[in-house]
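Chemist: below is the sequence, then the predicted model.
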Amino acid sequence: AGVAITIEHALEVQKRLTDKSRDFADKNEVPKYRGLLARRFVQHADVLRRASQGSAAERAYVDALEIQKQLTIEVPKTTDYHADLARTHDGLGLLHYDRNQHEPAEAEFTRALEIWEKLQREFPESSEFALGVANTLINLRALMRSPRNYRIAMAPLDSVLSIYASPAHNLQQDALKKVLFQAHSARAEARTMNEMFSEALVDWDRALKLAPPKEESWTRLYRCVTLARYGEAEQATTEAEELVAEATDKPRVLYEFARVFALSAKAESNKKGDGAEQAKKRAEKHAERATQLLDDARAQGYFKQANVRQQLAADPDWQVLRGRESFQALLRNLQTSKGPP
C-alpha cells in the first residue's frame, strides 16, 4: 500500500508541475518555456512508466518529442534542446523495452545515440555528452541481454567508437574511460550475437583495460559467455570456475555463470569425430554444473519474480538442459516455491 501511495503522490505532483508549465508556455512565446514544458512531460512520463501506466507514458513522451524536435529546428544552436531530445528518445526506448518491444526500443535508443554522437563530435570536451553516449549504450546492452538474445545493428557502435579515435578529442579522463568502456562492451556483445567471436574478444579485452573496479568481474563473466558461444568450452569453463568462487552470494551472477556452462555443454555435445565420446562426457559435466548453479541462484531468491522465471523458460541458451531430470526438477521446484525454500 505504501508503494502505491508513493506512486500516486508522485503522479499528482508531476501533473501539477506539468499543468503549471503548460500555462507558462501558453502565455509566453519564449522557447525556454516550451522546453520546460517538454521536460515536465518527460518527468511525468518517467513516473508513469515506473507505475506501469504504459499508454499514458507513451503519450507524454510523444508530446515531449513533438516540442523538442520543433525547438531543435527553431533554435538549432541551443545544445540543451538536442540533449533533452536524446533523453526523451532514451525514455521512450526504455518504455518499449519494458513492454518487450525490442525493435521499437532499438530504434529509439539508436536515435538517442545519433544525437549524443553528433553533440560529442561538436563538443569533444563535454563530459555531459560523453555520459549521454555511455548511458544509451547501457540501454542497448540491456536490450541485447533480453531472453531471446536480441541482435542490434553494429554500425552505430562503430560510428560512436570512431569519435574517440580523433586526436582532437579532449574529454575529461573519467568520462572518456566510462564511454569507451561501454562502447567496447556494447560492441563486444553485439559482435557475439552476430557470431563475430574473435572480434568480440578483442573488444572485451579492450573493455577489461578500461573497466572500473565494480565492472571488472562482470566484464570477465561476459567474456566467458563469448568464449562459450565461440565453442571454446574448456577456456570458458576454466575461467568461469575461477570467478564463480568469488560470487557465491550473488544470485544474478550465479545465473549468468550457469549460462556459460550451459553454452559450453551445447558446444561439447555438438562435437563429432575423434574425441566425440570424451566431449559428451564433458558436456554432461557442464550441463550438471549449469543446473547446480541455477539451483544455487534459486536458493538465493533469484527466481522470485514471474518475469525472471519466464526468462528461464524462454531463453534458448537453456535448451541443452531441458531434457535433463535435474533441470525439470528445478522447474517443478520453482513452480511450487516461487523462490527460495
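Modeler: Okay, I see it. Everything numeric in this text was worked out from a predicted model, so none of it was measured.

Chemist: quickly find the element holding residue 55.
Modeler: Using DSSP states H and E, residue 55 sits in helix 54-74.

Chemist: helices and strands around that helix, which ones?
Modeler: helix 31-50, helix 79-98 (3 or more Cβ pairs under 8 Å, 6 or more residues apart in numbering; DSSP states H and E). Where you see a C-beta, it was placed from the backbone N, CA and C, and this is true even at glycine.

Chemist: now do that helix: everything it contacts.
Modeler: Outside helix 54-74, the residues that touch it by Cβ atoms under 8 Å, 6 or more residues apart in numbering are 31, 34-35, 37-39, 41-42, 44-46, 48-49, 78, 81-82, 84-85, 88-89, 91-92, 95, 98-99.

Chemist: now do the buried residues in that helix.
Modeler: 57, 58, 60, 61, 63, 64, 65, 67, 68, 71, 72 (16 or more other Cβ atoms under 10 Å).

Chemist: closest one to residue 325 out of the residues you listed, please.
Modeler: Minimum distance to residue 325 across the buried residues of helix 54-74 is 44.0 Å, recorded for residue 57 (Cβ to Cβ).

Chemist: if I look at the residue lying closest to the closest one once chain neighbours are set aside, how far off is residue 54?
Modeler: With sequence-adjacent residues excluded and distances taken as Cβ to Cβ, 6 or more residues apart in numbering, residue 57 is closest to residue 48, at 3.7 Å. Using Cβ to Cβ, to the nearest Å, one obtains 8 Å as the distance from residue 48 to residue 54.

Chemist: joint contacts of those two?
Modeler: Joint contacts of residue 48 and residue 54 (Cβ under 8 Å, 6+ apart) do not exist.

Chemist: in contact with the closest residue to residue 93 other than its chain neighbours, which residues are there?
Modeler: Using Cβ to Cβ, 6+ apart and skipping the chain neighbours, the partner closest in space to residue 93 is residue 108 (3.3 Å). Residue 108 is in contact with 89, 90, 92, 93, 96, counting by Cβ under 8 Å, 6+ apart.

Chemist: pLDDT score for residue 108?
Modeler: Looking at residue 108, its pLDDT is 98.

Chemist: can you give me the buried ones in the helix or strand harbouring it?
Modeler: Using DSSP H and E, the element containing residue 108 is helix 102-122. The neighbour-count check on helix 102-122 (16+ other Cβ under 10 Å) flags 102, 105-117, 119-121 as buried.

Chemist: alpha carbons of the very next helix or strand once past it, as PDB, please.
Modeler: Heading C-terminal from helix 102-122, the first helix or strand you meet, by DSSP H and E, is helix 127-144. C-alpha atoms of helix 127-144 as PDB (Å, rounded to 0.1, in the frame of the first residue of the first chain):
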ATOM      1  CA  SER A 127      31.700  15.100 -20.200                       C
ATOM      2  CA  GLU A 128      27.800  15.600 -20.200                       C
ATOM      3  CA  PHE A 129      27.500  14.400 -23.800                       C
ATOM      4  CA  ALA A 130      30.000  11.600 -23.200                       C
ATOM      5  CA  LEU A 131      27.900  10.300 -20.300                       C
ATOM      6  CA  GLY A 132      24.900  10.600 -22.600                       C
ATOM      7  CA  VAL A 133      26.600   8.300 -25.000                       C
ATOM      8  CA  ALA A 134      27.500   5.900 -22.200                       C
ATOM      9  CA  ASN A 135      24.000   5.700 -20.700                       C
ATOM     10  CA  THR A 136      22.400   5.000 -24.100                       C
ATOM     11  CA  LEU A 137      25.000   2.200 -24.700                       C
ATOM     12  CA  ILE A 138      24.000   0.700 -21.300                       C
ATOM     13  CA  ASN A 139      20.400   0.600 -22.500                       C
ATOM     14  CA  LEU A 140      21.400  -1.100 -25.700                       C
ATOM     15  CA  ARG A 141      23.400  -3.700 -23.800                       C
ATOM     16  CA  ALA A 142      20.300  -4.400 -21.600                       C
ATOM     17  CA  LEU A 143      18.300  -4.900 -24.800                       C
ATOM     18  CA  MET A 144      20.900  -7.400 -26.200                       C
END
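
Chemist: what's helix 127-144 packed up against?
Modeler: helix 79-98, helix 102-122, helix 155-163, helix 173-193.

Chemist: among those, which comes closest to residue 262?
Modeler: Per Cβ to Cβ, nearest to residue 262 of those: helix 173-193, 15.2 Å.
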